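[1] From the sequence below, what's the structure:
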Amino acid sequence: MRVCSMNSDAATTAVVEGLELCGIDYMVVGAFSANVYGIPRATHDADIVVVVQPGQLRQLVNHLGADFSLDPQIQIEGLTGSSRNVMTHRPSGFQIELFRLNHRDEHHIERFQRRRRIAVPELGREAWLPSPEDVVIQKLRWKRRKDLDDVVNILAVSGSLLDWDYLASWTRRHGTDELLQELLREIPDVPDGD
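    Presented below is the predicted three-dimensional model:
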């Protein structure tokens with residue numbers, strides 16, 4: 001039996017390093033970005049937004065080597081209409097979803113322009129991530145319970161640092177402002193240090 005020496009964090013790190021070496025603009029989203037701004041949780045895949053030119057994904061796969069495969073079939077995500085390719089770390093079965101930047105979605109464009117380079121403890125390195133406000137905005141759009149839990153955790157940990165005017169402008173546009181207010185009520189009270 002072959003022992004896998006690479007875990008999901010290491011597989012994601014290898015892909016991020018490959019994206020940078022291949023000159024592909026990217027932004028790590030999903031649970032990895034939520035974990036930086038909130039309370040970390042486990043994830044079964046990694047999500048990365050990419051801006052690729054023809055041939056760059058093949059270059060990335062060649063760089064990563066035989067332990068990684070890329071499904072050439074583009075899949076469409078239903079909520080925002082974004083297209084994606086799925087990369088698999090073969091020994092572990094861990095998947096990295098490479099979402100193409102959706103130029104038809106104004107928020108996708110703006111969150112990519114607002115991305116920042118920040119240390120990601122799980123990856124042991126810096127990477128490009130969306131702002132915490134943009135993580136909240138996108139997860140409110142998904143409305144899955146795990147995403148809403150991520151929002152509550154981000155609000156609890158980073159809420160005082162958020163640009164609330166920016167956040168409110170997008171939640172009004174997306175019709176998620178009431179949902180945000182409901183989630184604010186879920187944040188546990190933190191006792192004073194008396």
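
[2] tell me which strands and helices the helix or strand containing T88 is in contact with?
    Following DSSP states H and E, one finds T88 within strand 83-89. Applying 3 or more C-beta pairs under 8 Å, 6 or more residues apart in numbering; DSSP states H and E, we find strand 83-89 packed against helix 8-21, strand 68-70, strand 75-76, strand 94-100. To be clear about C-beta, it is placed using only N, CA and C from the backbone, and glycine gets the same treatment.

[3] what angle sits between it and strand 94-100?
    160 degrees (axes from the mean of the first three to the mean of the last three C-alpha atoms, to 10 degrees).

[4] Using TSV, lay out the helices and strands packed on strand 83-89 together with mean pLDDT.
    Formatted as TSV, the entries for the helices and strands packed on strand 83-89 read as follows, by pLDDT from 0 to 100:
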stretch	mean pLDDT
helix 8-21	96
strand 68-70	95
strand 75-76	82
strand 94-100	95
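
[5] Quick check: buried residues in the strand holding T88?
    For strand 83-89, burial by neighbour count (16 or more other C-beta atoms under 10 Å) applies to 84-89.

[6] can you check stretch 163-172 too?
    Those buried within stretch 163-172 under the rule 16+ other C-beta under 10 Å are 167, 170-171.

[7] Which pLDDT value goes with the closest residue to I137 other than its chain neighbours?
    Excluding the flanking residues, the one nearest I137 by C-beta to C-beta, 6 or more residues apart in numbering is W170, at 4.6 Å. At W170, the pLDDT value in this model is 98.

[8] same thing with D149?
    95.

[9] how near is it to Y37?
    In this view, D149 and Y37 are 13 Å apart by C-beta to C-beta, to the nearest Å.

[10] How about A10?
    Taking C-beta to C-beta, one finds A10 at 22 Å from Y37.

[11] more crowded one of those two?
    Neighbours were counted for A10 and for Y37 using other C-beta atoms under 10 Å; Y37 has more, 23 against 17.

[12] neighbouring contacts of the least confident helix or strand in the chain by mean pLDDT?
    Lowest on mean pLDDT, DSSP states H and E among the helices and strands of the chain sits strand 75-76, with a mean of 82. Under the criterion C-beta atoms under 8 Å, 6 or more residues apart in numbering, residues 82-86 lie in contact with strand 75-76.

[13] 10 Å instead?
    Strand 75-76 has contacts (C-beta atoms under 10 Å, 6 or more residues apart in numbering) with 82-86, 97, 99.

[14] Can you show me the CA trace of the helix or strand F112 falls within as PDB?
    Here F112 sits within helix 106-113, counting by DSSP H and E. Output in PDB follows, covering the C-alpha atoms of helix 106-113 (Å, rounded to 0.1, in the frame of the first residue of the first chain):
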ATOM      1  CA  GLU A 106     -19.600  42.600 -10.600                       C
ATOM      2  CA  HIS A 107     -18.800  41.400  -7.100                       C
ATOM      3  CA  HIS A 108     -16.400  38.700  -8.400                       C
ATOM      4  CA  ILE A 109     -14.500  41.400 -10.300                       C
ATOM      5  CA  GLU A 110     -14.400  43.800  -7.300                       C
ATOM      6  CA  ARG A 111     -13.400  41.200  -4.800                       C
ATOM      7  CA  PHE A 112     -10.600  40.100  -7.100                       C
ATOM      8  CA  GLN A 113      -9.400  43.700  -7.400                       C
END
